[in-house]
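In: attaching a predicted model along with its sequence, questions to come.
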Amino acid sequence: MGKTLFDKVWDAHVVDSVQNGPQILYIDKHLIHEVTSPQAFNELEARGIPIYRPNQIVATADHNTPTLHQDLPIKDELSRKQLEQLSENCKKNNITLYELGHKYNGIVHVIAPELGITQPGMTMVCGDSHTSTHGAFGTIAFGIGTSQVAQVFASQCLLLTKPKSLRVTVNGKLKNGVLPKDVILYIISKLGTNSGTGYFCEYAGDVFENMSMEGRMTVCNMSIEMGARGGMIAPDEITFEYVKGREFAPKRDAFDKKVAYWKTLPTDADAVFDKEYYFDAADIEPMVTYGTNPGMGIKISETIPVDNNASFKKSLEYMNFEAGESLINKPINYVFIGSCTNSRIEDFRVAASFIKGKQKADNVTAWLVPGSKQVEAQIIEEGLKAIFEDAGFELRQPGCSACLAMNDDKIPQGEYCVSTSNRNFEGRQGQGSRTILASPLVAAATAVAGKIVDVTKEIETLETVSH
Amino acid sequence: MEKFTTLTSRAIPLAIENVDTDQIIPARFLKATDKQGFGDNVFRDWRFDKHGNINKEFSLNNPKYSGSILVAGDNFGCGSSREHAAWALVGFGFKVIVSSFFADIFKGNALNNGLLPVQVSEGFLKILLETVEAKPETQIVVDLENQTISISNSEVSEAFDIDAYKKTCMINGYDDIDYLLSKKEQIEAFEMSR
Ligand code: SF4
């Protein structure tokens, strides 16, 4: 029987198997940030265990960082301390750190791919559930807890039971205005938030084959929102082209040798998955969420479903929405374009193509937060910053920002925010905040209209918005 | 890590599905650099309103419930990988979480902190929730050795699954680091071979 992409990468990293137990999986790259690493450093220090392979670890500051005045000392004392501790820990242990202000600083899941650290066929972990993002390269990448961060520090390995395999195939042509974010929100709305638990997911079909690397990252990023530990897409010419020439990518002959290996990774035709789902691209439309988990999504043109389940009702009560109502024309005061789901250059290009020549509505506070310093630089270079500023949008400095509101970028109590991030949990964007997840296009259209609008009608006159 | 063999305790019901780790411990409390003190803020925004007033309706605040077992709705611990959620639950005094379904990362984090996730059938969960809500003084017995969970002085009991390796770790208080360090030679050999 043939092997899946996941099998091939997994099997190549198994060091040993515990009898009747888990396997020892070797980890190629370990990414860390300030929030989930300090206790792991403490643990090792307390037990007198050295960091085993510091040169396979890359650190960045992202969760706590301010998005204004990054050159000034951080005002919030606890945030400052956590960031200082990260710097200290990295220095003490010879770990590469892209701290605040560094030209490579940014959200961990944005910087590793853009620096060429993420490569096909690798195993990657980070104390962060959206590590699944890196699966876009045909990489086994998944989030871990802090105890596991300590395990990787100590041994560059993890004890794991091999997950089951799941494949989601989407074939056909996406409609104009339907972005990768809509594809994944649609899939999660159909499958629910725990359908993937215990599984690693592969995305297949021509929709993903035709998608850019940025789009593939958006899709894999949200795999965790259907419960899957990670998502993967087979590496192909688009992947190789993206990796080629990046700072830490293999060069010349070494690169060609790698490509030859990467070409062997895609799932064999006769491989069998534990579970398979199929969708038709033509059924997907721009999506919005109406509840407090990412599975509670509808097409923007649909109405909120009716359900008597107590948790469902609690969710609608929190959002102050009624079953059966449409979200179109709901006034919105906050719009956030950012987060490791949608803060890459392509996301800002899509937003800019819609915003160009228009004005932001007066009632809206719109934050555009690039995923990294490099994305920020590109926004300026491509002239997008001027488009945003002419339209009254605020381009901020990179970081996680309002995605989880650990810094000052908080959505006030009771306010709605149309957000390109990945989680609409209660209070995720600030205490009492109400999040509506959407694509950068829907977010941009909301900011211009000051309310939710059916973006498919808005773009009829616009030239094709790229996927 | 503390050892775990059996536990007999009252339980606190939390009949909500899809409890995500952002609810267990909101992001604004993640700025600490050690593992202490998270218990004070477990379910912060459900236990208190935005002015810091206590929400008496919420089961963790209700004086009629107590104990070190939390009985929660389906898909407990989804969302963020933050291990702070496990630290917060342990810090509050929980030793066992019962649900009909656990999210992957949370389950692993719990086990790494001596907090036992007991996955039961939906039917059993329903009986357990109803029993605890009707009679808060009910004692629940969790026997890890025999992998059973029962309502004391009744016939109501169910077997639960746990990975054999993790079971040994829980019973003996071992953690994965010890095991991985004992395999250093093999890990080095693996590195040399590629
Ligand atoms: S942007 Fe949001 S989801 Fe992504 S790493 Fe930061 S906090 Fe996590």
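Out: Right, received. Where do you want to start?
In: OK, contacts around the closest residue to chain A within chain B?
Out: Here the residue of chain B nearest chain A is B:Tyr165; by Cβ to the nearest Cβ that distance is 3.3 Å. All C-beta atoms are positioned from the backbone trio N, CA, C, and that covers glycine. Residues in contact with B:Tyr165 (Cβ atoms under 8 Å, 6 or more residues apart in numbering or on different chains) are A:18, A:20-22, A:159.
In: looking at these, which are in strands?
Out: Members of those lying in strands (criterion: DSSP state E): A:Leu159.
In: in helices, which of the contacts of B:Tyr165 fall?
Out: Applying DSSP state H to the contacts of B:Tyr165, no entry is found in helices.
In: export the contacts of B:Tyr165 to CSV and tack on distance to B:Ser121?
Out: Formatted as CSV, those follow (distance: Cβ to Cβ, whole Å):
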residue, distance to B:Ser121
A:Val18, 28
A:Asn20, 24
A:Gly21, 25
A:Pro22, 25
A:Leu159, 28
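In: in JSON lines, list the contacts of B:Tyr165 along with distance to the ligand, pLDDT and neighbour count.
Out: JSON lines is the format used below for these (distance: Cβ to the nearest ligand atom, whole Å; pLDDT from 0 to 100; neighbours: other Cβ atoms under 10 Å in any protein chain shown):
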{"residue": "A:Val18", "distance to the ligand": "31", "pLDDT": "89", "neighbour count": "16"}
{"residue": "A:Asn20", "distance to the ligand": "35", "pLDDT": "81", "neighbour count": "8"}
{"residue": "A:Gly21", "distance to the ligand": "31", "pLDDT": "85", "neighbour count": "17"}
{"residue": "A:Pro22", "distance to the ligand": "26", "pLDDT": "94", "neighbour count": "18"}
{"residue": "A:Leu159", "distance to the ligand": "25", "pLDDT": "96", "neighbour count": "25"}
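In: which SSE is immediately downstream of the host helix or strand of A:His109?
Out: Per DSSP states H and E, A:His109 falls inside helix A:108-114. With elements assigned by DSSP H and E, the helix or strand that comes after helix A:108-114 is strand A:123-126.
In: neighbouring strands - and their directions - for that next one?
Out: Strand A:123-126 pairs in its sheet with strand A:29-32 (parallel), strand A:140-143 (parallel), by DSSP bridges.
In: just say which of these is most tucked in.
Out: Mean neighbours per residue, mean count of other Cβ atoms under 10 Å in any protein chain shown, is largest over these for strand A:140-143, with a mean of 28.
In: pull the longest helix from the chain.
Out: All of this is about chain A. Max-length helix for chain A by DSSP H is helix A:77-92.
In: I was after chain B.
Out: Per DSSP H, chain B has its longest helix at helix B:122-134.
In: which residues of chain B fall in strands?
Out: B:6-9, B:11-14, B:69-72, B:96-99, B:116-119, B:140-143, B:148-151, B:157-159.
In: now the closest residue to A:Ile304 other than its chain neighbours: phi and psi?
Out: Leaving aside its chain neighbours, A:Ile304 sits nearest to A:Tyr290 (4.8 Å; criterion: Cβ to Cβ, 6 or more residues apart in numbering or on different chains). Main-chain dihedrals, A:Tyr290, degrees, to the nearest 10: phi -120, psi 0.
In: I'd like the distance between A:Tyr290 and A:Phe388.
Out: Distance, A:Tyr290 to A:Phe388, by Cβ to Cβ, to the nearest Å: 28 Å.
In: more neighbours, these two?
Out: Neighbour totals were compared for A:Tyr290 and A:Phe388, and A:Tyr290 leads with 25 against 22 (other Cβ atoms under 10 Å in any protein chain shown).
In: what sits against the more buried one?
Out: Counting by Cβ under 8 Å, 6+ apart, A:Tyr290 has contacts A:296-298, A:304, A:316, A:319, A:321, A:327, A:436.
In: can you put those in TSV and add neighbour count?
Out: Output for these, formatted as TSV (neighbours: other Cβ atoms under 10 Å in any protein chain shown):
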residue	neighbour count
A:Met296	25
A:Gly297	26
A:Ile298	20
A:Ile304	20
A:Leu316	20
A:Met319	21
A:Phe321	20
A:Leu327	25
A:Ile436	25
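In: since we're on residue 83, how many residues are nearby?
Out: You didn't pick a chain, so chain A it is. Considering only other Cβ under 10 Å, A:Leu83 is surrounded by 23 other residues.
In: looking at chain B here, not the other one
Out: 30.
In: and for B:Asn153?
Out: 9.
In: no more questions from me, cheers.
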